[in-house]
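**Student:** Sharing a sequence plus its predicted fold:
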Amino acid sequence: MLAPFQAALAAAKHVVVLTGAGVSAESGIPTFRGAQGLWRSFDPMELATPQAFVRNPGLVWEFYSWRREVAAACRPNRAHYAIAALERQLRQQGRRLTLITQNVDRFHHQAGSQAVIELHGSIWDVCVAGRGGRKAGPCWEDRRQPLCPGLAGRGAPDAHSAPDIPEQDLPHDEHGRLLRPGVVWFNEQLDPAVLEAADVATASCDLFITAGTSAVVYPAAGFAHIAAAQGAAVAEFNLEATDATGLCQFAFQGKAGELLPAAFGVEAEVEQLMAQAAAGGQGG
Ligand code: BV8
């Protein structure tokens, strides 16, 4: 299976890679739906919707502040570096790689990826919370941890006893307006420009690679279908089979950090980047 995939990769002019939480799992970031997935202990509808934020902003902020704390202590893994190394290699050969990610940890950027489409925003961003908990304007990055004293040392929210953090102890901007995480929640539209960029890339690629995603969240889960429908070859690298597996000419089961460097033929560069990161150099 590897040789035919590598032949398709060698022939591809434009490769699209779609990643999900499974690509950050080996960095120590909890996934959503796999074993020990985040959503198993927490109900996403309680934590990742505008309605949830209106109902209990303290619970939602506790959840996101904990995830920021976890991510701040983690680093990109071999899967992130393999995708960044492949992008560099294709560019040097006059070819293209577009990365579409559902992840919000920005580890792909940290690992050196450049053509990145962030479908669901960034956990490091905040924005003013408008009516109904929706975004009331542009987001901006704020990596302070915690974002405000009221969120200090709260750890993971207990799914059974919602906190009662007074609203004035939650993050506010300098004009006293309540802030919310700058991510895309369920039942929220994705940024139209982001969606357009993802659609254009998916419609024009000749190889579509999906890695570390359960392929259940839309519109992200629809891109493999669009790519297959326009004639692209589809490859999946995931710990387990998903709803997208049936679409694939190539399906590899295992850990992305172990599979991708070998499949992309970038093992030596990935080990070098990992060593640099461990030594506190670039890309770490
Ligand atoms: C929208 C917030 C219009 C940020 C997230 C069409 C059909 C059905 C439903 C819908 C549809 N269109 C819209 C919907 C509704 C909804 C949706 O898709 N619901 C699903 C659950 C049925 N979609 C939306 O609401 C989207 N908005 O469409 O706007 C609209 C407007 C109003 C009303 C309706 C529609 C918005 C979607 C974005 C939601 N925000 N997160 C955050 O907190 O992170 S989604 C959340 O799930 C994360 O962002 C996450 O990235 C995403 C997807 O999960 P995965 O990344 O796949 O992670 P998961 O844990 O599920 O899977 C990991 C996989 O990796 C597993 O398979 C595991 O086996 C594997 N793995 C584990 N370790 C490894 C590994 N693989 C390799 N190596 C390893 N080491």
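**Tutor:** Thanks, I have the structure now.
**Student:** how near is I117 to A152?
**Tutor:** Distance from I117 to A152, counting by CB to CB, to the nearest Å: 34 Å. Bear in mind the C-beta positions are built from the backbone N, C-alpha and C, glycine included.
**Student:** Quick one: distance of stretch 45-55 to the chain centre.
**Tutor:** With CA atoms, centre = their mean, to the nearest Å as the basis, stretch 45-55 stands 20 Å off its chain's centre.
**Student:** what distance separates the start and the end of that stretch?
**Tutor:** 11 Å (CA to CA, to the nearest Å).
**Student:** ok, back up a step: which of I117 and A152 has more neighbours?
**Tutor:** Each of I117 and A152 has its neighbours counted (other CB atoms under 10 Å); I117 has more, 20 against 12.
**Student:** which residues sit in contact with the more buried one?
**Tutor:** By CB atoms under 8 Å, 6 or more residues apart in numbering, the contact set of I117 is T98, L99, I100, T101, V194, A197, A198, A201.
**Student:** 10 Å instead, please
**Tutor:** When contacts are counted by CB atoms under 10 Å, 6 or more residues apart in numbering, I117 touches 16, 18, 98-101, 191, 193-198, 200-202.
**Student:** beta partners of the closest residue to E240 other than its chain neighbours?
**Tutor:** Nearest residue to E240, sequence neighbours excluded (CB to CB, 6 or more residues apart in numbering): Q253, at 6.6 Å. Beta-bridge partners recorded for Q253 (DSSP bridges): N238.
**Student:** Could I get the contacting residues of Q253?
**Tutor:** E236, F237, N238, L239, E240, A241, T245, L259.
**Student:** What parts of the stretch 151-284 of the chain come near the ligand?
**Tutor:** Those residues of the stretch 151-284 of the chain that sit near the ligand, judged by CB under 6 Å from any ligand atom, are 183-190, 212-214, 216-219, 238-240, 242, 255-256.
**Student:** Please pick the buried ones from those.
**Tutor:** Neighbour-count burial (16 or more other CB atoms under 10 Å) applied to these gives 183-185, 188, 190, 212-214, 217, 238-239, 242, 255-256.
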